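**Q** what's the 3D shape of this:
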Amino acid sequence: MLDSPGPVTVLLNDLRNGKREAETQLLPLVYEELRRVASHYLRGERQGHTMQTTDLVHEAYLKLAGQQCPWENRAHFFGVAAQAMRHILVDHARARYAGKRGGGQARVPLDDALLVSGATDSNLLELDEALTKLAQRDPRQARIVELRYFAGLSVEEVAEVLGCVSRTVNRDWRMAQAWLRRELESGGLP
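**A** Alright, predicted model coming up:
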């Protein structure tokens with residue numbers, strides 16, 4: 001028998017069913033996890049980055065609150081939240097470096113344990129371009145990278161979000177890591 005849904009999933013279902021009061025109950029339950037995801041993102045940013053963890057959480061939450069997304073569960077919510085944070089930071093970097101082409105760009109460490117072993121630091125914009133390129137080649141692999149690396153979801157949570165088995169997530173995760181490592185090390189971006 002399946003476990004009953006957790007409180008976050010129940011509130012997300014309430015939101016999906018039009019109960020707007022669930023939104024005020026949801027934020028306290030997801031806030032610390034959103035801060036953890038935002039902190040993970042910002043750890044890789046340059047010193048003196050103008051966006052703080054709280055700013056990133058609030059911007060992402062505002063984006064999410066404005067969506068009429070049929071949240072499936074907690075894992076799906078945090079996956080979309082991580083993707084929103086990634087887009088906010090990429091937009092922030094693009095705005096900051098518009099017209100500077102190549103100079104002093106923010107660097108994001110690709111944690112050996114999470115993404116690619118032996119990889120050197122990579123520019124956030126380069127990583128975003130590589131993920132966009134991967135998404136064109138294999139959308140599921142790109143989504144797995146977003147959910148595992150950026151959202152910090154477990155293999156089981158990613159499998160749940162994507163509606164596949166853990167074995168598939170593990171295989172695609174390894175393939176995506178290898179492809180991204182090659183792409184970033186070779187400078188194969190336009």
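**Q** tell me the SS of Ala38?
**A** helix (DSSP: H, G, I helix; E, B strand; the rest coil).
**Q** What separation do you get for Glu59 and Cys69?
**A** Glu59 sits 16 Å away from Cys69, going by C-beta to C-beta, to the nearest Å. In short, each C-beta sits where N, CA and C put it, glycine included.
**Q** These two: which is more packed in?
**A** For Glu59 versus Cys69, neighbours defined as other C-beta atoms under 10 Å are more numerous around Glu59 (19 against 13).
**Q** which non-adjacent residue is nearest that one?
**A** Ile88 (5.2 Å; C-beta to C-beta, 6 or more residues apart in numbering).
**Q** mind listing the helices for the protein?
**A** For the chain, the helices defined by DSSP state H occupy 7-16, 22-43, 53-65, 74-97, 124-137, 139-145, 155-162, 166-186.
**Q** Can you tell me the centre-most residue of this structure?
**A** Centroid check for the chain by C-alpha atoms, centre = their mean gives Ala82 as the closest residue, at 3.1 Å.
**Q** With Asn17 as the reference, measure out to that residue.
**A** The gap separating Ala82 from Asn17 is 25 Å, by C-beta to C-beta.
**Q** starting at the chain centroid, how far to stretch 8-23?
**A** Between the centre of stretch 8-23 and the centre of its host chain there is 22 Å, according to C-alpha atoms, centre = their mean, to the nearest Å.
**Q** Show me what it is in contact with.
**A** Stretch 8-23 has contacts (C-beta atoms under 8 Å, 6 or more residues apart in numbering) with 5, 25-26, 29-30, 65, 70-74, 76-77.
**Q** Please tabulate those residues in CSV, including the columns neighbour count, distance to Phe150 and pLDDT.
**A** Formatted as CSV, the contacts of stretch 8-23 follow (neighbours: other C-beta atoms under 10 Å; distance: C-beta to C-beta, whole Å; pLDDT from 0 to 100):
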residue, neighbour count, distance to Phe150, pLDDT
Pro5, 13, 24, 68
Gln25, 15, 26, 88
Leu26, 22, 21, 85
Leu29, 14, 20, 87
Val30, 20, 16, 87
Ala65, 11, 20, 73
Pro70, 11, 21, 74
Trp71, 20, 18, 76
Glu72, 17, 18, 79
Asn73, 18, 18, 81
Arg74, 23, 16, 83
His76, 20, 14, 82
Phe77, 24, 14, 85
